[in-house]
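Asks: no sequence on this one, just coordinates:
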């Protein structure tokens with residue numbers, strides 16, 4: 001049984017326990033998001049920016065950049081408040097999978113579960129491993145993987 005995180009306030013390393021879960025607020029992906037990300041990243045691939053071309057693909061429409069989805073997931077995770085002023089570093093992303101496309105109009109939510117904690121006293125805190133699942137409005141997992149963040153101790 002999971003031990004849900006019920007706060008939206010900053011948490012220190014000692015506040016995290018394996019099995020805790022948290023869900024972010026939701027956010028709808030817009031055409032503006034895709035255009036802005038293309039400009040920021042320099043990735044103007046036609047699957048993202050050309051509606052006529054994208055209509056000829058198996059997706060039949062423009063899709064969001066995979067890294068746009070991961071970036072928005074990062075922002076949604078931070079907006080929960082649990083890392084506000086207590087995160088020391090974003091250390092690792094592993095096993096990240098782009099399972100389904102994110103399309104214009106999809107609303108995504110991030111589901112997080114703490115899967116490991118490792119004290120690092122010399123750093124004044126520890127590493128927290130979080131299983132991240134980015135879900136769309138149909139409860140489909142569109143992206144998933146693990147993040148490791150270094151959190152301050154008390």
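Replies: Structure received. Just so we're clear, the structure is a prediction, and the values are computed from it rather than from any experiment.

Asks: how about the strands of the protein, start to end?
Replies: In the chain, the strands defined using DSSP state E lie at 21-28, 87-98, 107-120, 125-135, 141-152.

Asks: residue contacts, the closest residue to residue 50 other than its chain neighbours?
Replies: Excluding its sequence neighbours, the residue lying closest to residue 50 (CB to CB, 6 or more residues apart in numbering) is residue 62, at 7.5 Å. Using the backbone N, CA and C atoms, a C-beta is placed for each residue, glycine as well. Contacts for residue 62 (CB atoms under 8 Å, 6 or more residues apart in numbering) come out as 31, 34, 47-51, 54, 103-104.

Asks: Look up how far residue 143 lies from residue 62.
Replies: As for residue 62, its distance to residue 143 is 17 Å (criterion: CB to CB, to the nearest Å).

Asks: mind checking pLDDT for the residue nearest to residue 50?
Replies: pLDDT recorded at residue 62 is 98.

Asks: Quick check: phi and psi at it.
Replies: The phi and psi torsions at residue 62 (degrees, to the nearest 10) take the values phi -60, psi 140.
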